[in-house]
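>>> here's my sequence, what's the structure:
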Amino acid sequence: MTDVLGAEADSGPELFAWGADLVAYLGLDRYREEVVEQALDSLARLEHHVAEWTRTARGAVPDAIRAALRLEATEQDAAAAFAQLLTGGVEPTRSALVTGAVSLTSPGHPEAFRRAPEGYVSEVLRVSSPFHFAPRTAGSDLVLRETRIPAGARVSVVLCAANHDPARFASPEHMDPGRPFRDHLAFGHGRHFCAGAGFAEEMLSAGLEALVEAGLGTESTRVTPRYVRTAGMTRAATLTVSHGLC
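Numbers count the residues shown, from 1 in each chain. The predicted model follows:
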């Protein structure tokens with residue numbers, strides 16, 4: 001992620017800590033003052049960092065943000081874009097990777113990954129759905145299944161529910177590597193489709209390949225995940241991997 005952002009490698013731990021604070025706020029299902037205050041403090045530090053980063057960083061991402069600043073974007077816009085790339089590239093990808101690691105312990109799954117890694121990663125993303133919903137504003141009056149939604153109303157598109165809809169997916173809780181590629185809404189849809197979708201898929205594929213090569217999925221390997229789930233997202237807290245029968 002530091003390479004993608006054009007950031008110094010040694011800034012990674014600090015950047016990721018700020019990103020984790022912002023994600024903790026985004027994942028709240030009720031107000032917690034200490035989480036909000038920590039997120040505001042990290043956001044202020046991140047904005048200060050981005051102000052310097054836009055002047056000195058090199059790469060496609062900083063070049064694009066500098067171009068936006070020369071047009072109509074503000075420094076707050078630059079910080080928001082940086083934060084979105086940072087949080088979107090780390091936390092949800094890590095959570096999906098943990099789900100993928102667990103799935104590799106199912107019989108035949110390492111072989112299924114080797115045969116069709118893109119399809120396997122796509123199904124991992126459908127099952128995991130790290131971000132649970134996407135907030136949207138109705139652009140016009142519409143009626144959705146007898147419910148009237150007026151123009152300007154804020155709505156939440158519940159991505160995880162859509163990705164586990166039994167009317168759309170047979171046995172939706174079951175991970176089936178044979179499902180069609182990207183037949184899910186984990187990256188959103190339309191104009192707001194995740195700009196980093198391809199990169200996230202590449203990171204997941206590389207991570208799962210490394211785990212398979214390390215022997216995950218053999219009979220003597222056990223994995224124990226621990227998730228933190230809120231109304232907003234699923235975060236992987238820990239993943240314990242043990243080898244041997246004991």
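>>> tally of neighbours for the nearest residue to residue 203 once chain neighbours are set aside?
Nearest residue to residue 203 in three dimensions, chain neighbours excluded: residue 93, at 5.4 Å (C-beta to C-beta, 6 or more residues apart in numbering). Heads up, the C-betas are built off the backbone N, CA and C, glycines and all. Neighbourhood size, residue 93 [other C-beta atoms under 10 Å]: 22.
>>> can you pull up the most central residue in this structure?
residue 92 (2.6 Å; C-alpha atoms, centre = their mean).
>>> so it sits right up against residue 233, yeah?
Yes: with contact defined as C-beta atoms under 8 Å, residue 92 counts as touching residue 233 (7.3 Å).
>>> what residues are shared contacts of those two?
Counting by C-beta atoms under 8 Å, 6 or more residues apart in numbering, the residues touching both residue 92 and residue 233 are 130-131.
>>> max-length helix in this protein?
Ranked by residue count under DSSP state H, the longest helix found in the chain is helix 75-103.
>>> show me where this protein has its helices.
Under the criterion DSSP H, the chain contains helices at 2-5, 12-26, 33-56, 60-70, 75-103, 109-115, 117-128, 159-163, 197-213.
>>> comparing the ones you listed, which stretch has the densest surroundings?
Sort these by mean neighbour count, taking mean count of other C-beta atoms under 10 Å, and helix 117-128 sits at the top with a mean of 23.
>>> that helix vs helix 197-213, what angle?
Using axes from the mean of the first three to the mean of the last three C-alpha atoms, to 10 degrees, the direction of helix 117-128 lies 100 degrees away from that of helix 197-213.
>>> relative to helix 75-103, how tilted is helix 117-128?
100 degrees.
>>> distance from the chain centre to helix 117-128, please.
Centroid displacement of helix 117-128 relative to its chain, using C-alpha atoms, centre = their mean, to the nearest Å, is 13 Å.
>>> done for today, thanks.
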